[in-house]
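Asker: Take a look and give me a structure for this.
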Amino acid sequence: MASNKVASELQSSISSLEKIQLNSPQTASSLHKSNSNGSAISEEQLSQDLAQFLSNPSLNAALADGSLDLTSYSTTVEEELSQLETQCIEAYRKKATEIASLCGELEHADGILLGLQELLLGFQADLGGLSGDIRQMQETSKRLGAQLHDRKSSVLGLRAFLNHIILSPSLVETIGKGPINADFQEAIREFTQIYKDTHEEEAQDWAGGRAPADTAAGMEMQAHVKKLRLVAISRIREYFLQKMALLRKPQTNIRIIQSHGLLAYADLYEFLLDCSPDIAKELYGVYTESMSKTLYALFRTYQAQLIQLDATKHAATRQDVLAVEDAYLRDAITTKAKKRVDVFTLGNRANVLLSDNNMHDEPPIAAMVALSEHKTYPYERLLKSVLQHLVDAVTNEHVVCREFFQRTDSFEQLFSPTLQLLLEQVENYLFGC
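Answerer: This next block holds a predicted model:
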């Protein structure tokens, strides 16, 4: 009941306030301004203000007990507002200088900020220009990178092409004037590849998909390569002729010459087979002729030395008999009996032909050593020694001709005179028996 009474009183008070405000000129002007601004007080807003007013406990209690006079309360509030307004004006007057200074500083700060804004806008414009320059530089960098890549590819391709056809000064010096050694042989291998590359008539990747023989550089290098090829052929021919001439000299270690002077440079002879078959054939003829004569002389000398070691060289005569005379039986210890040589005695000669004895693995006889020691051997042992040397020589020459000359048909040319010599000596020996 109290709240309803208070509400009714508030409602009546508000109505009376509205009438007073409408009658006062200030209120009318304020309302005119509100209406001109399009923000007039609505009933809903008035109801909200009333609800907020009633939410104050002290005001609500004053209204409930009837001790609050709204008219006097409104007057008090207006007076307080007027005092506050007067105080604000006085405070403003006291701080007018400072406020004016603050306004000046604000205006100065606005000017600075405006300058900064203009500067930043300039920076922004410059950055926009730099962005364009950067994009242009990036495009230029990409273009230059592509050109550099193409140039490197061209350089690598040209380098590969030149490496296949160009004769380096060191290579020319080694082939033209260098000693015949392992470096010379390696230079010949490299030169052989260059010769093949300069005369290649099929398209090659390292030549840019063209035939090297059809390029200007390839045709120009062909003449220089041919000249150097003739020099190499001439030097190799002279070298091998010198080594083969050493084979004819007496007391020469043939195996050393063959292994270190010929077999070690088999690639050079293969080079001659490819470049000049006629010269290769000439060298083969010189070698077979030289070795045939050398082998013939060696076996003839060796056979002559072995004949002096023959224990059965005394041939039977009319004075030799199969049976022993009675005089020798009666006087077995006489000097004549001691000096008697029985040419019909076999002794241990048959052991030479057997394979189950120690003599089968004996090395060939060293003739000079045996002569100095005054040793003698049965003829079968001497013949076996000759055949051992013959087999060793045939085996060695087969290896040399196969590895160096790449031929296996040299036996007859090398050993025909030697075999004839040995057969003739065996026949002579048998004829004298």
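Asker: Tell me which helix or strand comes right after the helix or strand of the chain with the lowest mean pLDDT.
Answerer: Lowest by mean pLDDT, DSSP states H and E among the helices and strands of the chain is helix 25-37, with a mean of 41. Using DSSP states H and E, the helix or strand that follows helix 25-37 in sequence is helix 43-54.
Asker: can you give me the offset of that next one from its chain's centre?
Answerer: Taking the mean of its C-alpha atoms, helix 43-54 sits 94 Å from the chain's own mean (C-alpha atoms, centre = their mean, to the nearest Å).
Asker: which strands and helices sit next to it?
Answerer: Using 3 or more C-beta pairs under 8 Å, 6 or more residues apart in numbering; DSSP states H and E as the contact test, the elements touching helix 43-54 are helix 2-23, helix 57-65. (Each C-beta comes from the backbone N, C-alpha and C, glycine too.)
Asker: I'd like the distance from V400 to L54, if you could.
Answerer: As judged by C-beta to C-beta, to the nearest Å, V400 and L54 stand 135 Å apart.
Asker: okay, these two: which has more neighbours?
Answerer: Just comparing V400 and L54: by other C-beta atoms under 10 Å the higher neighbour count belongs to V400, 21 against 15.
Asker: what are the ranges of the helices in the stretch 301-433 of the chain?
Answerer: Along the stretch 301-433 of the chain, counting by DSSP state H, counting those that start in this stretch, helices occupy 326-330, 335-338, 367-372, 379-400, 411-432.
Asker: want to try CSV for those helices, with mean pLDDT and distance to A125 as columns?
Answerer: Shown next, in CSV, are these (pLDDT from 0 to 100; distance: least, C-beta to C-beta, whole Å):
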stretch, mean pLDDT, distance to A125
helix 326-330, 55, 146
helix 335-338, 46, 139
helix 367-372, 87, 111
helix 379-400, 91, 92
helix 411-432, 90, 100
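Asker: Minimum distance to K293: which of those has it?
Answerer: Of all those, helix 411-432 sits nearest to K293, with 7.7 Å by C-beta to C-beta.
Asker: quick one: contacts of that closest one?
Answerer: Among residues not part of helix 411-432, those counted as contacts by C-beta atoms under 8 Å, 6 or more residues apart in numbering are 288, 291-293, 295-296, 299-300, 303, 315, 379, 383, 386, 390, 393-394, 397-398, 401.
Asker: Now the buried members of the residues you listed.
Answerer: Neighbour counting with 16 or more other C-beta atoms under 10 Å marks 288, 291-292, 295-296, 299, 303, 379, 383, 386, 390, 393-394, 397, 401 as buried within the contacts of helix 411-432.
Asker: ok, so of these, who is nearest Y269?
Answerer: Closest to Y269 out of these is C401 (11.1 Å), distances taken as C-beta to C-beta.
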